[in-house]
Every structure is written in C-alpha cells, then in structure tokens.
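Participant: The sequence isn't on hand, but the structure is:
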C-alpha cells in the first residue's frame, strides 16, 4: 500500500471509518435523512394522492350524477382506474343511446356483455380540446339494442393510463 498516492490513503481511511461507524457520508441518502447505511430507502411521499386502483367495480345506479365537463379525473364525482372498469347495469338493458363522461385525453373501448358473452362494442374519445372529464353521447349498435346487456366493461385503447368515468345514462 505504500505505492499509492497519499490522498488515496486518506479517502480510503475515511470510507473505512464511515463503514465501521455507520456514519453517513455527505451527499449520501443517509445524510439526506432518508435512511441509514444498510437500511431500505423509503419511497418519497406522494403528497396525499393515492394511486388509482387497476380495476373498479361500479353499479349503474351510482353513476347517475353528471359531473361538469372539465372535472379532474380524480376529483369528486369521478371514478379513477388504470386498467378496467366493470359497470353492472342491474338488469338487461336494450339501450339505443348512451351518455357518459370519461377522462378526455384517452380513447376508450366499451364492451357490452350479457353474462360473460360480448354482444357489442362502442369506442369513444379522445377529445383534445377538453382537460379532465368530457361528455360523450353515442347511438348503440343494433346488436346491443336487440340482445341487451347487463354489464359494460370499460378499457383504454390509447392514452396516459390515468383513466376515469364520471356518469352513465342509458336510454331505451
């Protein structure tokens, strides 16, 4: 060890001492108060915002109140999710039209089902000029109108993965 630079010996001595005494080095995570050496680093706080669930199970009866266009995707009146929303209709509906609000910057696929059998699909969105929830109206395909559906499964075709549904009104 005598052929090393004297500064290297000082740095090596400081590192060994720090490791032995568990003293954090300046600029290390432990010096910032996040953890001591050898302990797991805690994730940063999320400012009280909980991540949305991957899936939500909703009832049509609870989706009757229309939030204002522009309502934030995680605000009151919105039901956020990241992968799929299942809407139970409570009975078979032979709806001709629907009105619903969804997060505007995503494209959605709504699969109408009777039991586990798909009877029709409607695609809506995105609406580029709106931020937050936006209202969509659509005439439903004849397959849905004639066969009826008791469940709607909502997924994203494209978007940012932060999905949300506000209200849903079906008209027979």
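Facilitator: Noted; the coordinates are in hand. Note that the structure is a prediction, hence the values are computed from the model and not measured. Numbers count the residues shown, from 1 in each chain.

Participant: Only C-alpha atoms from now on, for both contacts and neighbour counts.
Facilitator: Will do.

Participant: And the pLDDT at residue 54?
Facilitator: The model reports residue 54 with a pLDDT of 88.

Participant: residues near it, how many?
Facilitator: 14 (other Cα atoms under 10 Å).

Participant: The residue lying closest to residue 69 once chain neighbours are set aside: what's it in contact with?
Facilitator: Leaving out its chain neighbours, the residue that sits closest to residue 69 by Cα to Cα, 6 or more residues apart in numbering is residue 134, at 4.9 Å. With contacts defined as Cα atoms under 8 Å, 6 or more residues apart in numbering, residue 134 is in contact with 68-70, 101-104, 127.

Participant: hmm, try it at 6 Å
Facilitator: 69, 101-102, 104 (Cα atoms under 6 Å, 6 or more residues apart in numbering).

Participant: What lies in contact with stretch 144-162?
Facilitator: 82, 84-89, 91-96, 106-114, 119-120.

Participant: What residues of the helix or strand where residue 165 lies count as buried?
Facilitator: Assessed by DSSP states H and E, residue 165 sits inside strand 163-171. For strand 163-171, the neighbour count (16 or more other Cα atoms under 10 Å) marks 163-170 as buried.

Participant: Of those, which pair is most distant in space?
Facilitator: Farthest pair in the buried residues of strand 163-171 (Cα to Cα) is 163 and 170. Separation: 20.7 Å.

Participant: So residue 163 sits against residue 85, correct?
Facilitator: No - contact criterion Cα atoms under 6 Å: residue 163 and residue 85 do not qualify, at 9.2 Å.

Participant: Next up, phi/psi of the residue nearest to residue 69, please.
Facilitator: With angles defined as degrees, to the nearest 10, residue 134 sits at phi -130, psi 150.

Participant: do the one 10 residues further on as well
Facilitator: Residue 144 adopts backbone torsions of phi -70, psi -40, taken as degrees, to the nearest 10.
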